[in-house]
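Colleague: the following block contains a protein sequence and its predicted model.
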Amino acid sequence: MEEHFVWVTTRRLRADTLEEFERAWQPPSHPRGMSRAFAYWSEDGQEITGVSFWDSKEACDSWRASEPEAQRRASMAPYVAEEREAFYRGRELAIPQR
């Protein structure tokens, strides 16, 4: 099975800042080594989870240490009350057929 390299970040937002946060959240360019990205919002708009798929841990680490990412994170900071993030390796699970 194909192995995936995934970076997951969950942020709790300050009240009524989702719209401003979304503008600050978009990276200025497509990060090298990122193959896919998803965003998931809580129903109340107070929490957002980003899931990005990478070619390798090194590609993810390189982006995380880059100046564009530092600027993006600084732009988001006024809207973030709490942040949790982690890097994972994994694979797609096979769903049994009925």
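Modeller: Good, I have the coordinates.

Colleague: only C-alpha atoms for contact and neighbour calcs from this point on.
Modeller: Noted.

Colleague: look up how far Q97 lies from the residue nearest the centre of the chain.
Modeller: Nearest to the mean C-alpha position of the chain, counting by CA atoms, centre = their mean, stands G50 at 3.2 Å. Noted for G50: a distance of 30 Å to Q97, by CA to CA, to the nearest Å.

Colleague: where is the longest helix in this protein?
Modeller: helix 67-76 (DSSP state H).

Colleague: where along the protein do the helices fall?
Modeller: 18-25, 57-64, 67-76.

Colleague: just put these in JSON lines and tack on mean neighbour count, mean pLDDT and distance to F5.
Modeller: Shown next, in JSON lines, are the helices of the chain (neighbours: other CA atoms under 10 Å; pLDDT from 0 to 100; distance: least, CA to CA, whole Å):
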{"stretch": "helix 18-25", "mean neighbour count": "15", "mean pLDDT": "90", "distance to F5": "21"}
{"stretch": "helix 57-64", "mean neighbour count": "15", "mean pLDDT": "95", "distance to F5": "6"}
{"stretch": "helix 67-76", "mean neighbour count": "14", "mean pLDDT": "94", "distance to F5": "18"}
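
Colleague: wait, which of those helices is closest to E85?
Modeller: Closest to E85 of the helices of the chain is helix 57-64 (CA to CA; 11.5 Å).

Colleague: contact partners of that closest one?
Modeller: F5, W7, P31, R32, G33, M34, W54, E69, A70, F87 (CA atoms under 8 Å, 6 or more residues apart in numbering).

Colleague: over to stretch 4-12?
Modeller: Applying CA under 8 Å, 6+ apart, the contact partners of stretch 4-12 are 46-57, 60, 80-91.

Colleague: average pLDDT across that stretch?
Modeller: Taken as a whole, stretch 4-12 has a mean pLDDT of 96.
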